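Engineer: Any chance you could fold what I've pasted below:
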Amino acid sequence: MARATMSAVPDAVNNRAPTGLSVMDATMVLVGVVIGIGIFGFPPLVAQHSHSEAMYIGLWCAGGLVMLVGALCYAELGSAYPGAGGEYLYLTRAWGARVGLMFAWARCSVIQTGAIAVVAFIYGDYANQLLPLGTQGPAMHAAISVVVLTGLNLIGTRYSKRLQWVFTVLTVIALAAVLIACLTATGGEALKTPDPAPLSGNTAGLLGMGMVFVLLTYGGWNEAAYLSGELRDPGRNMSRVLLIGTAVVTGAYVLTNIALLEIFGLQGLRDTPALGAEVMQLAAGPYAAALLSLTICATALSTINGTIITGARVYYALGRDVPRLQALAGWNDRNETPVSALVVQGVITLALVALGAFSQNSVQTMVAYTAPVFWLFMMLVAASVWQLRRLDPDSPRPFRVPLFPLPPLLLALTCAGLVVSSAMYAGAGALIGLAVLAAGVPLMRLLKPAQAAG
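Structural biologist: Residues are numbered from 1 along each chain as shown. Now for the predicted structure:
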């Protein structure tokens, strides 16, 4: 039965898109996707679930540990099965074409497009401060960013990856400059409160909710898996991309939060919802608003561009494997880009932007929509490391997870907890996302891909 499942995966799954990305190119995409606007928005929420400064920093270190464990699992999967489909490819091989197809549906309709829409709305909020476009200005700016960056990727991956380098470098430099300015600014100590107020609720519940927000900030580290099909020498370089990216992101986040504690103190962080505005006010005085908007815009554009690059690859892989969706597999060799996939992804994202424009809180609506579905499939990916070793023991694995099976088990248990925590936090929005996922079941039966029999 195991061999039948493996043989049911079509030969097209093993095909790879044209290669051309270096280790640093892929690492810049990874870092650019992860280090983003979350670091300005989620620290106050983490502080609100931390009893002490030690617990606060411990949560951020734990988030880096989860990211490292996940990166090790993805390094084995990505080096053993390089391809443009990433998680879609792993889930199809491990659990069969039906599970892979359900993930593709979830990623196309919920996970990836929802993530792009979230960041696009945050970009729109800040861009509208620089260039006001009226009451619907944020939604208009969000739509423009999706259209322009999708168009840039249609012109060619080589242009979009160069822009990713620029955005990522500017983001890291801007964040470092703000923190240095804050730490050297006079009067920073006045913001600190000596003793944080005690929190109600049990420690386990506080830790669980704190980790939800921490891992939202770390979100996106898995995106490099979608570049393995275009990475030079993926068997050797996939682990390098994930491990280097993990080290850079974790170091940046831990150092940033240590600096924020020095500036605000734990209670000050809890009481500062507009953290970015306060930081920029300390760093730049009367120019804070414009500098904040520019910083967040650059950070958001970096995330949007990186997510567009990686997101289109699953549409491409889906088009190869499902005959009735073959049109999605269109690839432009000259520009090294999945043209059809980018167009479809852009259209779905714009539809979500239009939906969010009429909701009370666009960002929270999109976060609630995506989180439970994302962690559900991440749990299955973690279990795929064990499943593929069992089903395909003879496949070359240039990188093997150390201390196996502990890392994939730890990741799977963490993801299971996050499915529950995010569903409890997200409420109705989570139910909508899960309902859209369930809507893919009849669609899957309607498509009837030949390989689903496996």
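
Engineer: ok, now how distant is residue 337 from residue 237?
Structural biologist: Summarising the geometry, the distance separating residue 337 from residue 237, computed by C-beta to C-beta, to the nearest Å, is 21 Å. C-beta here means a position set from N, CA and C on the backbone, and glycine is covered the same way.

Engineer: Check residue 377 too.
Structural biologist: 25 Å.

Engineer: now do residue 117
Structural biologist: In terms of C-beta to C-beta, residue 117 sits 31 Å off from residue 237.

Engineer: more crowded one of these two?
Structural biologist: Neighbour totals were compared for residue 117 and residue 237, and residue 117 leads with 29 against 23 (other C-beta atoms under 10 Å).

Engineer: ok, now how distant is the more buried one from residue 147?
Structural biologist: Remark: distance between residue 117 and residue 147 (C-beta to C-beta) = 13 Å.

Engineer: And residue 231, by the same measure?
Structural biologist: In this structure, residue 231 and residue 147 are 28 Å apart, going by C-beta to C-beta.

Engineer: Which of the two has more residues huddled nearby?
Structural biologist: Between residue 231 and residue 147, counting by other C-beta under 10 Å, residue 231 is the more crowded of the two (25 against 14).

Engineer: Run through the residues that contact that one.
Structural biologist: For residue 231, the contacting residues are 19, 21, 23, 26, 82, 237, 238, 241, by C-beta atoms under 8 Å, 6 or more residues apart in numbering.

Engineer: For the fifth one, grab the count of nearby residues.
Structural biologist: Same thing as residue 82. Taking other C-beta under 10 Å as the neighbour definition, residue 82 ends up with a count of 25.

Engineer: Do I have it right that it meets residue 236?
Structural biologist: No - at 10.6 Å, residue 82 does not count as touching residue 236 under the criterion of C-beta atoms under 8 Å.

Engineer: Can you tell me the closest non-neighbouring residue to residue 389?
Structural biologist: Residue nearest to residue 389 in three dimensions, not counting chain neighbours: residue 404, with 7.7 Å by C-beta to C-beta, 6 or more residues apart in numbering.

Engineer: mind checking which helix or strand the one you found is in?
Structural biologist: Secondary structure from DSSP states H and E places residue 404 outside every helix and strand.

Engineer: and if you look at the one 5 residues further on?
Structural biologist: The secondary structure element spanning residue 409 is helix 406-426 (assigned by DSSP H and E).

Engineer: I would like the residues contacting that helix, please.
Structural biologist: Applying C-beta under 8 Å, 6+ apart, the contact partners of helix 406-426 are 66, 69-70, 72-73, 208-209, 211-212, 215, 367-369, 371-372, 375-376, 378-379, 382-383, 385-386, 401, 430, 433-434.

Engineer: cool, stretch 240-257 as well?
Structural biologist: Outside stretch 240-257, the residues that touch it by C-beta under 8 Å, 6+ apart are 23, 26-27, 30-31, 34-35, 39, 43, 56-57, 60-61, 63-64, 67-68, 71-72, 74-75, 78, 172, 175, 179, 217-218, 221, 224, 227, 231.

Engineer: For residue 398, the count of nearby residues, please.
Structural biologist: Around residue 398 there are 17 other residues, counting by other C-beta under 10 Å.

Engineer: Look up phi and psi at it.
Structural biologist: Note on residue 398: backbone dihedrals following degrees, to the nearest 10 are phi -60, psi -30.

Engineer: Can you check which helix is longest in the chain?
Structural biologist: For the chain, the helix with the greatest residue count under DSSP state H is helix 234-270.

Engineer: Tell me the buried residues in it?
Structural biologist: Applying a neighbour-count criterion of 16 or more other C-beta atoms under 10 Å, the buried positions in helix 234-270 are 234-235, 237-246, 248-250, 252-253, 256-261, 263-266, 268-270.

Engineer: Next secondary structure element downstream of the lowest-mean-pLDDT helix or strand in the chain?
Structural biologist: Averaged element by element with mean pLDDT, DSSP states H and E, the chain has its least confident helix or strand at helix 2-8 (a mean of 33). With elements assigned by DSSP H and E, the helix or strand that comes after helix 2-8 is helix 23-34.

Engineer: now that next one: mean pLDDT?
Structural biologist: Helix 23-34 shows a mean pLDDT of 78 in the predicted model.

Engineer: In terms of secondary structure, what does it contact?
Structural biologist: Contacts defined by 3 or more C-beta pairs under 8 Å, 6 or more residues apart in numbering; DSSP states H and E place helix 23-34 against helix 157-184, helix 234-270, helix 288-321.

Engineer: Helix 234-270 and that helix, what's the angle between them?
Structural biologist: Compare the direction of helix 23-34 with that of helix 234-270 by axes from the mean of the first three to the mean of the last three C-alpha atoms, to 10 degrees and you get 30 degrees.

Engineer: Any buried residues in helix 23-34, and which?
Structural biologist: Judged by neighbour count (16+ other C-beta under 10 Å), helix 23-34 contains these buried residues: 23, 25, 26, 27, 28, 29, 30, 31, 32, 33, 34.

Engineer: closest to residue 106 among these?
Structural biologist: Of all the buried residues of helix 23-34, residue 33 has the smallest distance to residue 106: 18.5 Å, by C-beta to C-beta.
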